[in-house]
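> A structural model of the following input is requested.
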Amino acid sequence: MKTSIAVAIAVVALSLPPLVSAPPVAAATKPKPQCEQTTIVQIENYFANDPSSGIVVIFGSHLGVAQFKDDKGKPMQATIVDRFAEKSAPIYRARTGDSVKLCLTEVPQRDSSCNPSKDYRGRIYSAYDWRLGTSFGGANANHMCGGA
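Below you'll find the predicted structure:
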């Protein structure tokens, strides 16, 4: 009899709301998107000789990465890398010279492994391709800020 009373008390206790609730989890904050009109200047495979490796779209814009220099000392260009898009996805229908509205929608937050003022990776872009009448988006690198 004592066992059934203990079980009944446990069942009732589990069905009651907790007396102390956990603090709400802070929502991720995204800055207001920064947008500009630009063109697609280059489209390439992620690995040069492997069309199945994904696609890299490079824009004629330095939005979000102008403070970083490429290996020739020029400001980096905004890029979208997609390693897993279906071949029918809008990013694969984009063409060099297409006019796009490019928006920087997210920049990584600084933490113990990521310093976005020193690591260009992890910027998230959205591009509206005027010729296609549709958009595509993604990160500017295969690895995120502070990653491999």
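> Check which residues of stretch 106-120 are buried.
Neighbour-count burial for stretch 106-120 flags 106, 107, 108, 114, 116, 119, 120 (criterion: 16 or more other CB atoms under 10 Å). Every C-beta, even on glycine, is put in place using the N, C-alpha and C of the backbone.
> Might you list the low-confidence residue ranges for the chain?
1-31 (pLDDT under 70).
> my read: residue 122 touches residue 108, true?
Yes: between residue 122 and residue 108 there is a contact under CB atoms under 8 Å: 3.8 Å.
> any common contacting residues for these two?
Common contact partners of residue 122 and residue 108 (CB atoms under 8 Å, 6 or more residues apart in numbering): 114, 116, 144, 145, 146.
> can you give me the helices for this structure?
All helices of the chain, identified by DSSP state H, fall at 2-15, 90-93.
> Next up, the contacts around residue 56.
Going by CB under 8 Å, 6+ apart, the list of residues near residue 56 reads 42, 43, 44, 45, 46, 79, 80, 81.
> no no, residue 35
101, 102, 103, 104.
> likewise residue 94?
Counting by CB under 8 Å, 6+ apart, residue 94 has contacts 40, 43, 57, 100, 127, 129, 132, 136.
> So for the lengthiest strand in the chain, what gets flagged as buried?
Scanning the chain for the longest strand, with DSSP state E as the assignment, gives strand 34-47. Buried residues in strand 34-47, counted by 16+ other CB under 10 Å: 35, 38, 40.
> What of stretch 63-74?
63, 64, 65.
> Run a quick neighbour tally on the residue nearest to residue 47 when sequence neighbours are not counted.
Among residues not flanking residue 47 along the chain, residue 53 sits closest, at 3.9 Å (CB to CB, 6 or more residues apart in numbering). As a burial measure, residue 53 scores 14 neighbours (other CB atoms under 10 Å).
> Residue 40 versus residue 53, what's the distance?
Between residue 53 and residue 40 the distance is 19 Å, computed by CB to CB, to the nearest Å.
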